[in-house]
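Student: What follows is a predicted structure for the sequence shown.
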Amino acid sequence: MNNSRRNFLGSAAIGVGGFVTLANAVAAETLISDHGKPGEGGFGRQSTQLAPGATVAYHDPKDVAEMPEFTRSLDGSTPKVTSGGWAKESTEHQLPIMTGLAGVHMFLNPGGSRELHWHAIAAEWAYVIAGRCQTTVLDPSGQTEFNNYVPGDLWFFPKGHGHSIQTIGDEPCHFILSFDNGAFSEHGTFSITDWIDLTPKDMLAKNFGLTPAAFNVFPKGETYIQSGPIVPASMAIDAPWPKESTHKFSLLKDVRARRDFDGGSFHLATVEEWPIAKTMSGGLMVIKPGQMKELHWNPNANEFHYYLKGTGQVALFGSGGRGKVANVKAGDSAYIPAGYGHAMVNTGTEDLEMVQTWDSGRFEEITLKHWMETAPKYLLSNNMAGVPDSTLSKISQTS
């Protein structure tokens, strides 16, 4: 049996004490191939039964593809550093499984600003971790909107909307960004200093009504994150307009976002609470020590995690005998492909905090426990052959 399969089966059941072995629940015949001979079973309407095979089918993970790595240390990666701060990223370039979403941790020094720019291939979703900042965003209608943010706030910029981010006050500000395209990279943003530097000066002069010489003092290359004077909070205007299309959402203050579960808390903003976020949803999940987010899957979206605090484990089920269990800690990131079963458990002594995003404005989730609770007991009995009826009665709520 493949080592990754054996490790996953030995760790897939999660309890308060952590992952519990299932090795004694796997019959010896799972090691036997369940393949028949070519043509057995007949053709078309002339199909027939075959002699019973193994009680439990065995899947060689290599028949599908080896289970890829799905976690990495985002904060352990090399930062992109300029005068006003830094940024680190996780994309499909660093972790190939990340085809649907990318993540960035960005840090702005006091007085620092992320210059005016836009993204050609992805929308941007953000969660403010610490500090205060202001965004300026220009939408295709010509409206410019200003918003001020504190920890726990979100912003969302649809693909192509021009925007910038600036620290306000004398404390640094940092935030986690997520993008709904795994190919997105901070090295591929469309920044205005880069654009101006690469455009002929006579064209710039005609565009802005200046002389070509006026552009000799403009930055050479991309500013990216620029240092500058500290902007006092009292001077930072906050005038979102129009209100009904605001790019800001106060995640930790809006009661509509609260979705607590057994073992922890969950604040989530979807397109229903925040109409502008049509292509992404996301929020903050906190799992208490020894508790877990139950086995489930998301049928409509890929999922990205960034761990803010604590230690834990993530179990990923990829079908066909494939599964992996990964340990996670503060600064790590994880990626769950759409439809893959997964669960998270807090293995430490403090809260496990994670920022999560999905590449759909609608949030959809199906849990294994609810499915088994609502399935007919006789179906479970057949499905889980050999499991005592007394055990199945504790799971199924049907007769």
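Tutor: That came in fine, so what should we check first? Numbers count the residues shown, from 1 in each chain.

Student: show me where the stretch 201-350 of the chain has strands.
Tutor: With strands called from DSSP state E, counting those that start in this stretch, the stretch 201-350 of the chain shows them at 225-226, 248-250, 264-269, 281-287, 292-297, 303-309, 311-319, 322-329, 332-336, 341-346.

Student: Quick check: phi and psi at N382.
Tutor: phi -70, psi -40 (degrees, to the nearest 10).

Student: doesn't A301 make contact with I336?
Tutor: No. Assessed by Cβ atoms under 8 Å, I336 is found out of contact with A301, at 9.4 Å. Placement of C-beta: from N, CA and C, glycine included.

Student: Export the strands of the stretch 201-350 of the chain to JSON lines and append columns for mean neighbour count, mean pLDDT and distance to F157.
Tutor: Listed next are these as JSON lines, based on neighbours: other Cβ atoms under 10 Å; pLDDT from 0 to 100; distance: least, Cβ to Cβ, whole Å:
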{"stretch": "strand 225-226", "mean neighbour count": "22", "mean pLDDT": "96", "distance to F157": "17"}
{"stretch": "strand 248-250", "mean neighbour count": "18", "mean pLDDT": "95", "distance to F157": "11"}
{"stretch": "strand 264-269", "mean neighbour count": "19", "mean pLDDT": "98", "distance to F157": "14"}
{"stretch": "strand 281-287", "mean neighbour count": "23", "mean pLDDT": "98", "distance to F157": "13"}
{"stretch": "strand 292-297", "mean neighbour count": "20", "mean pLDDT": "97", "distance to F157": "28"}
{"stretch": "strand 303-309", "mean neighbour count": "23", "mean pLDDT": "98", "distance to F157": "17"}
{"stretch": "strand 311-319", "mean neighbour count": "20", "mean pLDDT": "97", "distance to F157": "29"}
{"stretch": "strand 322-329", "mean neighbour count": "19", "mean pLDDT": "96", "distance to F157": "28"}
{"stretch": "strand 332-336", "mean neighbour count": "27", "mean pLDDT": "98", "distance to F157": "21"}
{"stretch": "strand 341-346", "mean neighbour count": "23", "mean pLDDT": "98", "distance to F157": "28"}
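
Student: Could I get these in CSV, plus columns for distance to Q166?
Tutor: Shown next, in CSV, are the strands of the stretch 201-350 of the chain (distance: least, Cβ to Cβ, whole Å):
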stretch, distance to Q166
strand 225-226, 9
strand 248-250, 15
strand 264-269, 23
strand 281-287, 23
strand 292-297, 35
strand 303-309, 22
strand 311-319, 34
strand 322-329, 31
strand 332-336, 26
strand 341-346, 34
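
Student: Mind checking those strands for the one nearest to D34?
Tutor: Closest of those to D34 is strand 311-319, at 15.2 Å (criterion: Cβ to Cβ).

Student: Just the CA atoms of the closest one, as CSV, please.
Tutor: Extracted in CSV, the C-alpha atoms of strand 311-319 (Å, rounded to 0.1, in the frame of the first residue of the first chain):
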residue,chain,number,x,y,z
THR,A,311,-1.0,24.9,15.6
GLY,A,312,-3.2,22.3,13.9
GLN,A,313,-3.6,19.5,11.4
VAL,A,314,-5.5,19.5,8.1
ALA,A,315,-6.6,16.1,6.6
LEU,A,316,-7.3,16.2,2.8
PHE,A,317,-9.1,13.4,1.0
GLY,A,318,-8.6,13.3,-2.8
SER,A,319,-10.5,10.1,-3.8
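
Student: Name the strands paired with that strand and say parallel or antiparallel.
Tutor: Strand 311-319 has the following strand partners under DSSP bridges: strand 322-329 (antiparallel), strand 341-346 (antiparallel).

Student: any idea of the angle that strand forms with strand 332-336?
Tutor: Compare the direction of strand 311-319 with that of strand 332-336 by axes from the mean of the first three to the mean of the last three Cα atoms, to 10 degrees and you get 20 degrees.

Student: Now tell me what touches strand 311-319 from outside.
Tutor: With contact meaning Cβ atoms under 8 Å, 6 or more residues apart in numbering, strand 311-319 is reached by 8, 11-12, 14, 18-19, 64, 67, 70-71, 287, 295, 305, 323-330, 334, 336-337, 340-348, 352.

Student: ok, the closest residue to T99 other than its chain neighbours - contacts?
Tutor: Once flanking residues are discounted, T99 sits nearest to G182: 4.3 Å by Cβ to Cβ, 6 or more residues apart in numbering. For G182, the contact set (Cβ under 8 Å, 6+ apart) comprises 91-92, 98-102.

Student: Which ones among the residues you listed lie within strands?
Tutor: Using DSSP state E, the subset of the contacts of G182 located in strands is A102.

Student: JSON lines for the contacts of G182, including distance to L138, neighbour count and pLDDT?
Tutor: Output for the contacts of G182, formatted as JSON lines (distance: Cβ to Cβ, whole Å; neighbours: other Cβ atoms under 10 Å; pLDDT from 0 to 100):
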{"residue": "T91", "distance to L138": "25", "neighbour count": "22", "pLDDT": "97"}
{"residue": "E92", "distance to L138": "29", "neighbour count": "18", "pLDDT": "97"}
{"residue": "M98", "distance to L138": "29", "neighbour count": "26", "pLDDT": "98"}
{"residue": "T99", "distance to L138": "29", "neighbour count": "17", "pLDDT": "97"}
{"residue": "G100", "distance to L138": "27", "neighbour count": "22", "pLDDT": "98"}
{"residue": "L101", "distance to L138": "25", "neighbour count": "30", "pLDDT": "98"}
{"residue": "A102", "distance to L138": "23", "neighbour count": "29", "pLDDT": "98"}
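
Student: JSON lines please, covering the contacts of G182 and showing distance to H161.
Tutor: Converted to JSON lines, those look like this (distance: Cβ to Cβ, whole Å):
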{"residue": "T91", "distance to H161": "20"}
{"residue": "E92", "distance to H161": "23"}
{"residue": "M98", "distance to H161": "23"}
{"residue": "T99", "distance to H161": "23"}
{"residue": "G100", "distance to H161": "20"}
{"residue": "L101", "distance to H161": "18"}
{"residue": "A102", "distance to H161": "17"}
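
Student: Out of the contacts of G182, the closest to S113 would be?
Tutor: A102 (21.9 Å).

Student: For stretch 371-378, list the C-alpha coordinates in PDB.
Tutor: Taking Å, rounded to 0.1, in the frame of the first residue of the first chain, the C-alpha atoms of stretch 371-378 are listed here in PDB:
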ATOM      1  CA  TRP A 371     -25.100  13.100   5.200                       C
ATOM      2  CA  MET A 372     -24.700   9.900   7.300                       C
ATOM      3  CA  GLU A 373     -27.300  11.200   9.800                       C
ATOM      4  CA  THR A 374     -29.900  11.600   7.100                       C
ATOM      5  CA  ALA A 375     -29.100   8.500   5.100                       C
ATOM      6  CA  PRO A 376     -31.400   5.400   5.600                       C
ATOM      7  CA  LYS A 377     -30.000   3.200   8.200                       C
ATOM      8  CA  TYR A 378     -30.300   0.100   6.000                       C
END
